[in-house]
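Asks: compute the structure for the input listed below.
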Amino acid sequence: MEHLNQALTYQPSYVEARLALGDTLRHVGRPQPALAQYKEAAAVNPRSVPAQLGYALALIDLRRYQDARAWLTDAMARHPDQPPLAHALARLLAAAPDDRVRDGLRAMAIVQDLLKDDKTTDLGETMAMAFAELGDYERAAGVQRGVMAASRDAGQQQSIRRMEENLRLYENHRPCRTLWFDE
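Replies: As a prediction, the model looks like this:
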């Protein structure tokens, strides 16, 4: 962090340094100062998707889920061609701990749109979360099992252990309320 702060002292408009500092602050549990870094990076480069996404993730870390939803909705409107923003919004809509933020139908619509161009295990997990939010636990569990099989085939054992937690939720007719996992 010291080196990044020094770089920003000499070049305040160094977007990559601001993003790196924001990411570092978030990962050490300091989301509030990370917000300022992402906001400044977005001010310097309004087209920076990492700045938009980082700001939303810092809001989520602060449990400001309604603000994160509004931010991601606005960011998607400004950057409709950026799947990471849409995926983050879908995951928030499917699994936010704040029931005022969740919208399973909208989450599913976003996921289905994203699946036209991209089929990743992360997106599959979000689809399972959306099915669970809609109360379709059988389909949520089925999708989760498929995602786990793909991860197993890819040799991602760490991910499988984590995914089992959500599978157990769905098998017990319970939705997921954990947006992302630290691995």
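Asks: show me the contacts for Arg26.
Replies: Ala34, Gly54, Leu57, Ala58, Asp61 (CB atoms under 8 Å, 6 or more residues apart in numbering). (C-beta placed from N, C-alpha, C; glycine too.)
Asks: recalculate using a threshold of 10 Å.
Replies: Gln32, Pro33, Ala34, Leu35, Gln37, Tyr38, Gly54, Leu57, Ala58, Ile60, Asp61 (CB atoms under 10 Å, 6 or more residues apart in numbering).
Asks: for it, pull up the helix or strand it's in.
Replies: helix 15-27 (DSSP states H and E).
Asks: buried ones in that helix?
Replies: Of the residues in helix 15-27, Val15, Ala17, Arg18, Leu19, Ala20, Leu21, Gly22, Asp23, Leu25, Arg26 count as buried by neighbour count, 16 or more other CB atoms under 10 Å.
Asks: what mean pLDDT would you report for that helix?
Replies: Averaged across helix 15-27, the pLDDT comes to 92.
Asks: after it, heading C-terminal, what element do we hit next?
Replies: Toward the C-terminus from helix 15-27 - assigned by DSSP H and E - lies helix 31-44.
Asks: and that next one, what other elements does it pack with?
Replies: helix 2-10, helix 15-27, helix 49-61 (3 or more CB pairs under 10 Å, 6 or more residues apart in numbering; DSSP states H and E).
Asks: contacts only, for the nearest residue to Arg106 once chain neighbours are set aside.
Replies: Distances taken as CB to CB, 6 or more residues apart in numbering put Leu93 closest to Arg106, at 5.3 Å, once the chain neighbours are dropped. Counting by CB under 10 Å, 6+ apart, Leu93 touches 69, 72-73, 101-111, 126, 129-130, 133.
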